[in-house]
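K.L.:
Please work out how this folds:
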Amino acid sequence: MADQDGRAPRKAALDLLQGVTAEGRLLPELMAAGALSALPPEDRARAQRLAIETLRAIDRADRLLKPYLQRNPPLIVRNVLRLGVVEIVGGAAPHGVVNAMVGIVGQGKRTAQFKGLVNAVLRKVAADPAAWDKLPAPRLPGWLRQPLVAAWGRPAVETMEAVQAVAPPLDLTPKADPQAVAAAVGGIVLPTGSVRLASAGQVTALPGYDSGDWWVQDAAAALPVRLLAPKSGEKVLDLCAAPGGKTMQMAAAEASVTAIDLSEARMARVSANLARTGLTAEVIVADAMAFDRGGFDAVLLDAPCSATGTMRRHPDLPVAKDGSEFGALIAQQEVMIDHALSLLRPGGRLVFCTCSLLPDEGEVQIDEALARHPGLTVDRAALDVPGVDPAWRTEEGGLRLRPDYWADQGGMDGFYMACLTTPA
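P.N.:
Below you'll find the model as predicted:
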């Protein structure tokens, strides 16, 4: 049957939204499960884009809808309304959006009774488009906002929320010459050496992709390897290596790299990217905690974490999660730091990093590691990296990055990193 009113991608976007809000699943998980596999590529991209835009603006959409709803309808109807609001305020033709959303609700036995409600509410939204611009930036859910305000203060969190309300720019890590890559793709070179594009379109169509001149990596995510500063010929280990950006950075420095990750599918992508960029590394699919080959000059541990620093790119995370798993992640990080240290030669160095905004997954981990390991030291000189603002340095000797930094240029992912040195 022919698609009516562009209904298929919108229904697919609704399914994604339901997966996140009702089932607590993340978009990558839903995509890996084939959530959009029945759609042609163009509709698949449209559905994913609409779902991401709605998740990014979900708090704002709820604020706009509130005056028009005497009581909350079922979640699936609320999600239809959210999708409709985001499309309308984004410039889509209101008539087409309203017809499609009413049609989607009308298809369900349990939702058909809400056709009139969806029609009336979305028409009211369309009649006052300026109301959207008067709303504040979407707020993070309380379970996450409260600890972030406690850690960084309300003004900083409000700036983070403003940054995360906008689709982020695309950052590239050049294999060699940042200026040449920036000139080829039409981007700018950031102070830390990454190349940033305000709008990229199809990544694989950008100049230099096929020739392997660069890879996609947020500017913040590129800094842990800068702290590690691998040297030519050094034996370095990348624990939890996928998706491989840091592996490629170390390989580009001509280090002898061993990359480990538990996910076979993700490591296949690492191997493919190494081949595309003409770089080499030993790729091992294994549990990092079971790996016991020691004697490395340096280890990079990008530990499993809450990923709260990546919300500007993954707006599904604060909606799908509630923080209940963070305690287990923090305990896992502690064990992994101890294991990573055991794989170093005497006098070796470990860079521990997490893409988290929570001090318990960063600053606190370093304080506690120093207390557990007499003779272990923080290499503060490792922070002397071009482009790193001295204000990002932390009391215990690490580097704290936040989305509100470089806010006028599109921000950066939240990250924590520190370089530890074992006794000689």
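K.L.:
Ends of stretch 139-157, what's the gap?
P.N.:
Stretch 139-157 stretches 9 Å from its first residue to its last (CA to CA, to the nearest Å).
K.L.:
Tell me which residues of it come out buried.
P.N.:
139-140, 144-145, 147-149, 151-152, 156-157 (16 or more other CB atoms under 10 Å). C-betas here are computed from N, CA, C, even on glycine.
K.L.:
now do stretch 102-121
P.N.:
Within stretch 102-121, the residues scored as buried using 16+ other CB under 10 Å are 102-105, 111, 114-115, 117-119, 121.
K.L.:
Show residues contacting that stretch.
P.N.:
Residues lying outside stretch 102-121 but in contact with it, judged by CB atoms under 8 Å, 6 or more residues apart in numbering, are 4-5, 7, 10-11, 14, 65, 68-69, 73-74, 76-77, 80-81, 84, 98, 101.
K.L.:
Got a quick PyMOL command for the buried subset of the residues you listed?
P.N.:
In PyMOL, this line selects whichever of those come out buried by 16+ other CB under 10 Å:
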select buried, resi 5+7+10+11+14+65+73+76+77+80+81+84+98+101
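K.L.:
In strands, which of the contacts of stretch 102-121 fall?
P.N.:
By the criterion of DSSP state E, membership of the contacts of stretch 102-121 in strands covers no residue at all.
K.L.:
Which of the buried residues of stretch 102-121 fall in helices?
P.N.:
Using DSSP state H, the subset of those located in helices is 102-105, 115, 117-119, 121.
K.L.:
Could you single out the nearest of those to A61?
P.N.:
Within these, distances to A61 taken as CB to CB reach their minimum at V121, with 11.3 Å.
K.L.:
now the buried residues of stretch 139-157 as TSV including distance to E363?
P.N.:
As requested, these are arranged in TSV below (distance: CB to CB, whole Å):
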residue	distance to E363
R139	25
L140	20
L144	18
R145	19
P147	13
L148	14
V149	17
A151	9
W152	12
A156	15
V157	17
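K.L.:
Could you let me know which of the residues you listed ends up closest to S324?
P.N.:
When the buried residues of stretch 139-157 are compared for distance to S324, the smallest value, 11.8 Å, is given by L144; criterion: CB to CB.
K.L.:
Buried ones in stretch 279-296, by neighbour count?
P.N.:
By neighbour count with 16+ other CB under 10 Å, stretch 279-296 contains the buried residues 279, 281, 283, 285, 288, 291, 296.
K.L.:
Ignore what I typed, I meant stretch 321-337.
P.N.:
Of the residues in stretch 321-337, those scored as buried under the neighbour-count criterion (16+ other CB under 10 Å) are 321, 326, 329-330, 333, 336-337.
K.L.:
if we can go back for a sec, now go through the contacts of stretch 102-121 and say which are in helices.
P.N.:
Cross-referencing the contacts of stretch 102-121 against helices under DSSP H gives 7, 10-11, 14, 65, 76-77, 80-81, 84, 98, 101.
K.L.:
For those residues, work out which two are farthest apart.
P.N.:
Checking the ones in helices among the contacts of stretch 102-121 against each other with CB to CB, the farthest-apart pair comes out as R7 and L65, at 21.1 Å.
K.L.:
what separates the residue nearest to the spatial centre of the chain from V283, distance-wise?
P.N.:
The C-alpha lying nearest the average C-alpha coordinate of the chain belongs to T310 (CA atoms, centre = their mean; 3.1 Å). Between T310 and V283 the distance is 24 Å, computed by CB to CB, to the nearest Å.
K.L.:
What of A222?
P.N.:
Taking CB to CB as the criterion, A222 is separated from V283 by 20 Å.
K.L.:
Kindly report the same for S356.
P.N.:
From S356 over to V283 the distance is 26 Å, taken as CB to CB.
K.L.:
Tell me if I'm right that E87 and L50 touch.
P.N.:
Yes. Here E87 reaches L50: they are 6.8 Å apart, a contact under CB atoms under 8 Å.
K.L.:
shared neighbours of the two, anything?
P.N.:
When contacts are counted by CB under 8 Å, 6+ apart, E87 and L50 are jointly contacted by R10.
K.L.:
Does P346 touch T422 like I think?
P.N.:
Yes. Between P346 and T422 there is a contact at 6.3 Å, judged by CB under 8 Å.
K.L.:
Give me the more crowded residue out of the two.
P.N.:
When P346 and T422 are compared on other CB atoms under 10 Å, the one with more neighbours turns out to be T422, at 18 against 9.
K.L.:
Quick check: phi and psi on that one?
P.N.:
Comment: the main-chain dihedrals of T422 come out as phi -80, psi 160, following degrees, to the nearest 10.
K.L.:
next one: L343
P.N.:
Torsion angles at L343 (phi, psi; degrees, to the nearest 10) stand at phi -90, psi 0.
K.L.:
so what's the closest residue to it other than its chain neighbours up against?
P.N.:
Counting by CB to CB, 6 or more residues apart in numbering, L343 lies nearest to G294, which is 4.8 Å off, once chain neighbours are set aside. Counting by CB under 8 Å, 6+ apart, G294 touches 342-345.
K.L.:
Sort out which of these are buried, if you could.
P.N.:
343-344.
K.L.:
for this protein, which strand is longest?
P.N.:
Looking across the chain with DSSP E, the single longest strand is strand 344-354.
K.L.:
Which residues are in contact with P304?
P.N.:
Residues touching P304, when contacts are defined by CB under 8 Å, 6+ apart, comprise 240, 329, 332-333, 336.
K.L.:
Please list the members of the residues you listed that lie in helices.
P.N.:
Among the contacts of P304, DSSP H puts 329, 332-333, 336 in helices.
K.L.:
Just give me the closest of these to R380.
P.N.:
Q333 (21.4 Å).
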